[in-house]
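[1] return a 3D structure for these sequence lines:
(chains A and B)
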Amino acid sequence: MAIKPVTNPELDVEPVELIIDGETVHAKPGISLYDVISKRGKKIAAMCYHYTFDPFGSCGVCLVTVEGKKAPVRSCTAKVQAGMVVTTETPDLFEARKKAVSKHLSTHPLDCPVCDADGRCELQDMAFRHEITNLIDVKRKVIPEDTRGLALDFNMERCIVCGECINICEDVQMINPLKNEKGKFKTGALQFLKKDGAQQVVAKGDIPLYCEFCGDCLAVCPVGAITNKFAKYVYKPWQLKTTTTTCAYCADGCEIFLDTKDEKIVRIRSALSWKNKWGDRETTAQGHGGICARGRFGFHYVDHTSRLKQPLVRRSSQGTHTHVPTPWIDAIDETIEKLQAIKSKHGGQAIAGLITSHCTNEDLYVFQRLMRGALGTNNIDSSARYGYMNFVRAMRDATGLSHSMNSFEEITKAKAILLIGSNITETHPITGLRIKEAIRVYKSNVIIANPRTTPLAKLEFDNVHHLQLRPETERWLVIGLVKALIEHDIFDKTATDGYPKALEAIKAALEKIDLEAIAVKTNIAVDTIVDTATILAQSPRTVILCAEDISMRAGGYTNMLNLIDLAWLTGALRKPGSGINCLPEEANEQGAIDMGVAPELLPGQVSFSDAEARTRFATAWKSELPPANAGAHLMDIFDQCRTGQIKALYIVGENPLATLPSSSKVREALENVEFLICQELFMTETAELAHVVFPACSYAEKVGSMTNFWGRIGPLDEALQPKEDSRPDWEIFAVIAHSLGHPMGYEGPQDILHDIGSLIPGYFSKERKEKTTPSLLPYLQNEYTSTVSARYQNPQKSLAKTSPILMLGQIIYHSGKISPRSSALLTMYPNHGSLYLSQDDITSLGLSETDRVKISSDTGCIEMPFRVDDSLPSGLTFFPEHFSDPLLKDLIVCATDTITGVPSFKTGHVMLEKQSEPQQATIHEMHAPKSDSPTPEIPEAPHKDAR
Amino acid sequence: MKNSTRERPVKKFFDAVLFREIWTAMKVPFKHMFARTVTFQYPREKRIIPDAHRGALGLLRYDKGEGKIGEERCVGCDLCEAACPSHCIKVVSEAAGPNTPNPLLRHATEFYIDISKCVFCGYCVEACPVNALAMTKEYEYSTTNKRALIFNKKKLYEIGERFLEDSKKYLVSHNQEVDNEMWGRYRYRFPSPTVEAQSPYQTLTPQSENAPATTDTTLNSESHPKTLSTDSPDVLSQPTLESIATSQESKA
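    This next block holds a predicted model:
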């Protein structure tokens, strides 16, 4: 579309004058007249318009009169010109709009009572507003309803051919990029097709719709042409109670509306809808208000019948043990008894706690206060340890910041974006949309460093550069980029101005680096590396985004420091609107860091050994803190459980047995613990081993807050009452603390909020950016010179062909292990149990359609069917990390970062072989791992699982 | 006053002997003894109820001419629930689902009217777009069990069937239907679906215990708490006063 949005920074023209309803207005010529009118506050009816995509002009309702034109003009497609005189309300215009709406109504079946959009339909509202009571020339379409899609039904009898669905998919979601017959590059999953005598909306190619199911088309459809298959016919909008809350799946932290009826969630709506179409175009840079498939359709686990409803206590009889439902009072009594016994006999350090980052800030805060204040232990950790901690530690050590630096708006408006180690459209789809807007609207240079041809890399725009490096070579690419900056003298001189010694040190460290060797190792040409470095250094706003493929590695801490070097030398740490960010997977990992759930940290991003902070917290909590510089992190906790040092373990929402590979010996650790408490939504593998299981609330039943990856606080509100006897996590912690003799005095989440607010001043205020300026001085002036050299090495020249790599990763439809419990998400992507291979590998292994593939490593072998995935390079295999059948995670050996203790268990080297004779899909051992156990390990049988 | 009994002792004597006051007072009752009675001897005699009378509610079906039972009219649109001023109607709707002749048909799987709350205003009948609800002339459904006054779907269709004539007359008298209209002009036509949705991926072993238990995607799963009883006791077949009287007479 030729019409540029208001905020395109490239539109560098002088504003002109025009007159709207008698008032003089200034606006840039060439932009849509409708935008100018609605920005002034005047809302004209428009049925095919939404501020997230370029105006389309198909409905003919947004008519205004322009002097000099005989007929009323469609204001959305009219371009602003100097000297226009526009009138927006006249009786004639009302009649003209009435005629336009009647035209739509006359081919629209009056299905209102049986339509899901009844009560929330733009056509209904327009018909009412324009007082339409008579229709002439009524003609009804007779078209079958397209129910082929997995989540959405297309009732084309109701379609008014406005094109909102097609446009939003094409302009905002930009999926499914294809070259049409003219060689023009088009995106979007939907198209118009003249079929059965009428214009219909179908999936491209008229195949069953299988897309990312973000539901944007469902949200913007002004009528009931696109309906939600999972909530078909079961509600009318006026029966639903709406609660505004925050999605708890990933770190984007999107606002969602939970619609409930009779204490069950019926559907989830996004802020984006046909009703919010008068938003300012400028706001799209802060996010277009949409959500993803997980957020929209992934709520069925909340009302699942197998939710834990009562506390369970393990009772053993005749060698077997069962979990017996017990009243809260008895379960708590037993817990307190055991905890107090262990604490008095062995001290606080014999107790440890692990909590998930899917909990709210309030839960996390109370948890670490319980463990540190009441139980006297610093052996606590959260799931932020699975990768994000590397970024946080590196950032703290180098810049003093403990969080990412850029908001959605800054990412959208950056001029150069480096995306490394992340398949962002699968993990953080809404941030991915910011990058897509940066590509399409702001024409930023986006460099995607990923071994796979990710959906983002498939967008063949001139400003998208895909560096298809070899798997597991991300760190070498970063070293190469830093080397290129120094070698070709293209680094940002202003950034290095005040730090001559540090500059000398890094120059010396890079002397030995050989760009050719890096090029061979990563399979990226030297010229490409230099060009990339140039783009990053010379752009006025540079944003670096990384994620677990580079952070969740042994050596991830060093990788992060190298990446920070890159950010420093390209000026990303200095220039406004630039910065370095890491994308944590879970919703509240930043909150876990902020609430101090790590042995190194206290709430407020201060160090645990900071004397002033320790006094402040000890006074506030009225108890001693455990000694400084002591405390075990995640992997150390398991080690100490195995050795018997830790006797009591409190696991909240985590499922390490299903997450970590069997070679990490988590089962031994958990079985060795004297007292294991699990606080969970469902009965997981870990909870099966627990002595006491507490039922917790899901996010829809809690009040609290979550912090997304760039620091925005998303509030949670309860839409449902807690299921039966389940309780919010913070309440359970507070009760335990109270019974241990440390009353916290929290009557409700507001009290916790108050506490946090007083101990971390300004945490919940909107002006939280006071600490986003990185201060490199202490770092660069002190330990930098001595440590930098060790971080820069040449890759080893290995002549042997590297073995294939198995990668467990996330897919767009799922998150963790809880999403398979949502029937809708499982319908979209069930566990087909096949290994993804690249076409090259299939050919080289000689696999035919009916063959199976045997994948093996030192720790086991599995034979399973396979599928082709054309995004994979040869030598890389993929399996979604959400399914435990087959247990591919056990083929990988966990490697731990020596400095931060971050475990890396998502990638590993494997061997692939062809398996011709079909065998049963069971896991059998090839040979025992090199451990002391005499019998080979039998991997855990697949269970109903959750994380 | 002239002619008062004090001055006429003879008249006074005869009035007392002949009970004159009583005969004066009895003039009206004796006159009425031979007049036509107006009292209805309920339950032996019952009033004639006009067609527009608002009695018990019933759900109708599309009958097929000879009075045979056809499909249910109700499409589960919830408009009656929305119109009811007493909030005594509860509807749970669903699509007919696969393996039915009209899979996208919308219908009510559960329909409750709490007749003890109903004020018989008739708004629900007016609101119904397909004339599925009608009011009958029935008023004899008193019961000793209060639960029986929550009419479920089965009960409502029974009433509709039993009093089909009256229901039709009600609709006609309220200008909602034309006399002798059999099929109804207000029937919704549901489109046929193209094909059942298929996942491009097949599950491993759909029935294995390895797969996580899935729950129904609609609200009508077993976990949905039923707020009202599914089977209200049969109210209208309980003995009426008339039948009790006749049975007592026969016993006597």
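[2] from here on, just use CA atoms for contacts and neighbour counts.
    Will do.
[3] next, the residue of the stretch 501-650 of chain A found nearest chain B: phi, psi?
    Proximity of the stretch 501-650 of chain A to chain B (C-alpha to the nearest C-alpha) peaks at A:E586, 21.8 Å away. Note on A:E586: its backbone torsions stand at phi -80, psi 160 [degrees, to the nearest 10].
[4] quick one: it from B:R61, how far?
    53 Å (C-alpha to C-alpha, to the nearest Å).
[5] quick one, which of the two is more surrounded?
    A:E586 (27 against 21; other C-alpha atoms under 10 Å in any protein chain shown).
[6] by proximity to chain B, which residue of the stretch 1-150 of chain A wins?
    A:R148 (4.3 Å).
[7] quick one: that residue from A:L759, how far?
    The gap separating A:R148 from A:L759 is 54 Å, by C-alpha to C-alpha.
[8] so which of these two has more stuff around it?
    Set side by side, A:R148 and A:L759 show more neighbours around A:R148, with 21 against 16, by other C-alpha under 10 Å.
[9] show me what contacts A:G347?
    Neighbouring residues of A:G347 by C-alpha atoms under 8 Å, 6 or more residues apart in numbering or on different chains: A:G376.
[10] could you pull up phi and psi at it?
    Per-residue torsions, A:G347: phi 90, psi 170 (degrees, to the nearest 10).
[11] also A:V868?
    Backbone torsions of A:V868, given as degrees, to the nearest 10, read phi -90, psi 140.
[12] what about it, distance to B:K154?
    According to C-alpha to C-alpha, A:V868 stands 53 Å off from B:K154.
[13] same thing with A:Y235?
    From A:Y235 over to B:K154 the distance is 22 Å, taken as C-alpha to C-alpha.
[14] and what of A:L272?
    For A:L272 relative to B:K154 (C-alpha to C-alpha), the value is 42 Å.
[15] of those two, which one has the most company?
    Higher neighbour count among A:L272 and B:K154: A:L272, with 23 against 17, using other C-alpha under 10 Å.
[16] which SSE is the more buried one in?
    Counting by DSSP states H and E, no helix or strand carries A:L272.
[17] pull out the buried positions in stretch A:488-507.
    By 16 or more other C-alpha atoms under 10 Å in any protein chain shown, the buried positions in stretch A:488-507 come out as A:490-492, A:495-496, A:502-503, A:505-507.
[18] shouldn't A:A484 be in contact with A:V530?
    Yes: applying C-alpha atoms under 8 Å, one finds A:A484 in contact with A:V530, separated by 5.4 Å.
[19] who's more crowded, the two?
    Taking other C-alpha under 10 Å, A:A484 and A:V530 do not tie; A:A484 has more neighbours (24 against 21).
[20] what about the helix or strand containing the more buried one, distance to the chain center?
    Assessed by DSSP H and E, A:A484 sits inside helix A:474-487. Centroid separation between helix A:474-487 and its chain, computed with C-alpha atoms, centre = their mean, to the nearest Å, is 28 Å.
[21] starting at the chain centroid, how far to the host helix or strand of A:I637?
    Element membership of A:I637 [criterion: DSSP H and E] is helix A:634-643. Centroid separation between helix A:634-643 and its chain, computed with C-alpha atoms, centre = their mean, is 29 Å.
[22] go on, stretch A:454-468?
    The answer for stretch A:454-468 is 20 Å, by C-alpha atoms, centre = their mean.
[23] with stretch A:632-652 instead?
    For stretch A:632-652, the distance to the chain centre is 29 Å (C-alpha atoms, centre = their mean).
[24] ok, and what's touching it?
    Contacts of stretch A:632-652 (C-alpha under 8 Å, 6+ apart): A:339, A:342, A:349-356, A:378-382, A:385, A:598-599, A:666, A:668-670, A:672-680, A:896, A:901-903.
[25] also stretch A:65-75?
    Defining contact as C-alpha under 8 Å, 6+ apart, one finds that stretch A:65-75 is touched by A:32-34, A:57, A:60-64, A:84-88, A:93, A:96.
[26] and which of those residues is nearest to A:L152?
    Comparing the contacts of stretch A:65-75 against A:L152 with C-alpha to C-alpha places A:G57 closest, at 25.1 Å.
[27] ok, that closest one touching A:H50?
    No: with contact defined as C-alpha under 8 Å, A:G57 does not reach A:H50; the gap is 10.8 Å.
[28] which of these two has more neighbours?
    Taking neighbours as other C-alpha under 10 Å, A:G57 and A:H50 compare with A:H50 leading, 24 against 19.
[29] ok, that one - contacts?
    By C-alpha under 8 Å, 6+ apart, the residues touching A:H50 are A:164, A:220, A:274, A:277-278.
[30] look up phi and psi at it.
    Dihedral angles (degrees, to the nearest 10) for A:H50: phi -150, psi 150.
[31] that one and A:Y34, how far apart?
    11 Å.
[32] residues near the spatially closest residue to A:S422 that is not a sequence neighbour, how many?
    Spatial nearest neighbour of A:S422, excluding adjacent residues (C-alpha to C-alpha, 6 or more residues apart in numbering or on different chains): A:A547 at 4.9 Å. Counted with other C-alpha under 10 Å, residues neighbouring A:A547 total 22.
[33] wait, A:A547 touches A:G421, no?
    Yes: counting by C-alpha under 8 Å, A:A547 touches A:G421, with 5.3 Å between them.
[34] if we can go back for a sec, am I right that the residue of the stretch 1-150 of chain A closest to chain B falls within a helix?
    No: using DSSP: H, G, I helix; E, B strand; the rest coil, the secondary structure at A:R148 is coil, not a helix.
[35] and it, how far is that from A:Y386?
    When distance is defined by C-alpha to C-alpha, A:R148 is 39 Å away from A:Y386.
[36] try A:T496
    33 Å.
[37] same check on B:E161?
    Distance, B:E161 to A:Y386, by C-alpha to C-alpha: 66 Å.
[38] and for A:V220?
    According to C-alpha to C-alpha, A:V220 and A:Y386 sit 37 Å apart.
[39] helix, strand, or coil at A:I677?
    Using three-state DSSP, the structure places A:I677 in strand.
[40] can I assume it is in contact with A:A690?
    Yes: using C-alpha under 8 Å, A:I677 is in contact with A:A690, at 5.6 Å.
[41] the two - which one has more neighbours?
    Neighbours around A:I677 and A:A690, counted as other C-alpha under 10 Å, are more numerous at A:A690. The numbers are 26 against 21.
[42] cool, thanks, talk later.
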